[in-house]
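Engineer: Return a 3D structure for these sequence lines:
(chains A and B)
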Amino acid sequence: MKILRFEGSAHSETQRLLPWYVNDTLDAADFSRVEEHLAECGQCRRDLEFLRLLESGCMQASPVPDPTASFTRLRDRLQPPRPHASASLLTRLRATWGGSPAWLRGVAAASLVLVAGAWGLTLVRDEAPAMYRTLGDAPSETVVRDKDLRHLVVVFDPHIEHARMQQLVRASQARIVDGPNEAGAYVLAVPAGREASVREALRAAPGVTLVETLDADGQRR
Amino acid sequence: MTAGPGIHGEASYGDSREDEVALMGRVAAEQMDAFEVLYRLYHPKLTRFLTGMTHRPALVEEILDDTMLVVWRRAHTYVPEAKVSTWIFGIAYRQALKALREAGHDASAELDEAPLPSQEPAPEVELHQRDLHAMLDEAMQSLSAEQRAVIELTYYLGYACREIATIMGCPVDTVKTRMFYARRRLRALLGANREEVM
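Structural biologist: Below you'll find the model as predicted:
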């Protein structure tokens, strides 16, 4: 798109400001400038009429949906129903996360840190990897030493569709190099230069519960 | 509590900008009751904005959910110097662009230089005999999502140009350019009856 420069004559200046003259958000100086020009310019007055028509069309009320059902659905995504006793550690953490007191959430967070930390330690020590592995991935011991890669611990929403999960991984230019472990966490390898942007993008993405950087020394940050 | 700067067409929600900032503080502390208040406050405005911007009703609910999910997760990053509404609509705008891209729609299609429709007057049709809103809705479909966003933010939500630039994450001149092309195209499309209305 070619960006237009709106500088110069009083006419072009008014054309530039007119849309916001109509919605009454100009400052006093711009407001006066527009008023002055409108008094002597028929074209700008016609434009003004059109913009007022546009505004009146936009301002017409739309049906207001009841947010109750959609809020309930969203809240359930944030606070899933309490699981059965046999549910995984991750599920139990998630269930207690949103509605529990801060100290309890701290305990839950610490548990997850330990899980991820222990896992990272496993990778670094060349010990046997986590009990679950993805198919076709290179051995994580090799990958974790690659200086051009960084590693993220990612926990997906248990209800996420497989296709959506793959889409997120592909969009991040990442590879799953380990996981899931018992807590449902994966290790993703991403190009070093993209670590921060991928981490933020995944954190913002629906269907992702937790994203943390995993250093080669197994520390999360 | 406000849910926009001037919220055209509907009453504002009440108290003050400070209330919204305080509410955001409670959301950042993960208080679900505060989040529900915020959600109910913004749901109608976001629904309208996203419907107007995307013109794809099937996507709106999902984008709105994603927007509020980000608000919940990122509330601690909100800086009180900015308006809460500007922050939330900025998230909604980016989520909408993302959803449109994923759905295979080019949100920023270059419509600026596209040929304008014929301006031959359509006989026997007068603007004031038709539903202006319906006509406008139809004409808006020919704009890019970004151009529609500028129109909605200006004339439904009542934002100043500079605030729109903040929401869309672009320079002020880009907002003015989008508005320029959008209104030129709308005027041409609605021009069948231009003598009556312009």
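
Engineer: For chain A, which segments are assigned as strands?
Structural biologist: Counting by DSSP state E, chain A has strands at residues A:149-156, A:175-178, A:185-191, A:208-214.

Engineer: Output the contacting helices and strands for the top helix by length along chain B.
Structural biologist: The residue-count maximum for a helix in chain B (DSSP state H) belongs to helix B:32-54. Applying 3 or more Cβ pairs under 8 Å, 6 or more residues apart in numbering or on different chains; DSSP states H and E, one finds that helix B:32-54 contacts helix A:68-78, helix B:17-28, helix B:57-74, helix B:84-102, helix B:145-151. Every C-beta, even on glycine, is put in place using the N, C-alpha and C of the backbone.

Engineer: Recalculate using a threshold of 6 Å.
Structural biologist: On a contact count with 3 or more Cβ pairs under 6 Å, 6 or more residues apart in numbering or on different chains; DSSP states H and E, helix B:32-54 meets helix B:17-28, helix B:57-74, helix B:84-102, helix B:145-151.

Engineer: out of these, deepest packed?
Structural biologist: Mean neighbour count (mean count of other Cβ atoms under 10 Å in any protein chain shown) peaks for helix B:145-151 among the helices and strands packed on helix B:32-54, with a mean of 25.

Engineer: ok so, going back, relative to chain A, tell me which of the helices and strands packed on helix B:32-54 wins on proximity.
Structural biologist: helix B:57-74 (5.0 Å; Cβ to the nearest Cβ).

Engineer: Which other helices and strands does that closest one contact?
Structural biologist: helix B:32-54, helix B:84-102.

Engineer: change it to 8 Å
Structural biologist: Packed against helix B:57-74 by the contact rule (3+ Cβ pairs under 8 Å, 6+ apart) you find helix A:68-78, helix A:195-204, helix B:32-54, helix B:84-102.

Engineer: If I average pLDDT within each of these, which one is lowest?
Structural biologist: Lowest mean pLDDT within the helices and strands packed on helix B:57-74: helix A:195-204, a mean of 86.

Engineer: Who are the contact partners of residue B:84?
Structural biologist: B:17, B:20-21, B:23-24, B:78 (Cβ atoms under 8 Å, 6 or more residues apart in numbering or on different chains).

Engineer: repeat that for 6 Å
Structural biologist: B:20, B:24 (Cβ atoms under 6 Å, 6 or more residues apart in numbering or on different chains).

Engineer: now residue B:35
Structural biologist: Under the criterion of Cβ under 6 Å, 6+ apart, the neighbours of residue B:35 are B:27, B:72.

Engineer: Tell me how far it lies from residue A:47.
Structural biologist: Noted for residue B:35: a distance of 43 Å to residue A:47, by Cβ to Cβ, to the nearest Å.

Engineer: Show me the one of the strands of chain A that comes nearest chain B.
Structural biologist: With Cβ to the nearest Cβ as the measure, strand A:208-214 is the member of the strands of chain A nearest chain B (9.5 Å).

Engineer: Quick one: check the closest one for contact with chain B.
Structural biologist: No: using Cβ under 6 Å from any Cβ of the partner chain, strand A:208-214 stays clear of chain B, coming no nearer than 9.5 Å.

Engineer: for that strand, packing partners?
Structural biologist: Judged by 3+ Cβ pairs under 6 Å, 6+ apart, strand A:208-214 is in contact with strand A:149-156, helix A:195-204.

Engineer: Residue A:178 is nearest to which of the ones you listed?
Structural biologist: Residue A:178 lies closest, by Cβ to Cβ, to one member of those: strand A:149-156, at 8.7 Å.

Engineer: For chain B, tell me whether that closest one is touching it.
Structural biologist: No: contact of strand A:149-156 with chain B (Cβ under 6 Å from any Cβ) is absent, the minimum separation being 13.3 Å.

Engineer: which parts of chain B sit against chain A?
Structural biologist: B:8-9, B:39-40, B:43-44, B:47-48, B:65-66, B:69-70, B:112, B:132-133, B:136, B:154-156, B:158, B:160-161, B:173-174, B:176-177, B:179-180, B:187, B:197-198.

Engineer: for chain B, what are the nearby residues on chain A?
Structural biologist: Counting by Cβ under 6 Å from any Cβ, chain A sits next to chain B at A:1, A:3-4, A:6, A:16, A:19-20, A:23, A:25, A:46, A:49-50, A:53, A:55, A:57-62, A:64-65, A:67, A:71, A:74, A:204, A:206.

Engineer: looking at the helices and strands packed on strand A:208-214, which is buried most?
Structural biologist: strand A:149-156 comes out most buried of the helices and strands packed on strand A:208-214 by mean count of other Cβ under 10 Å, with a mean of 24.
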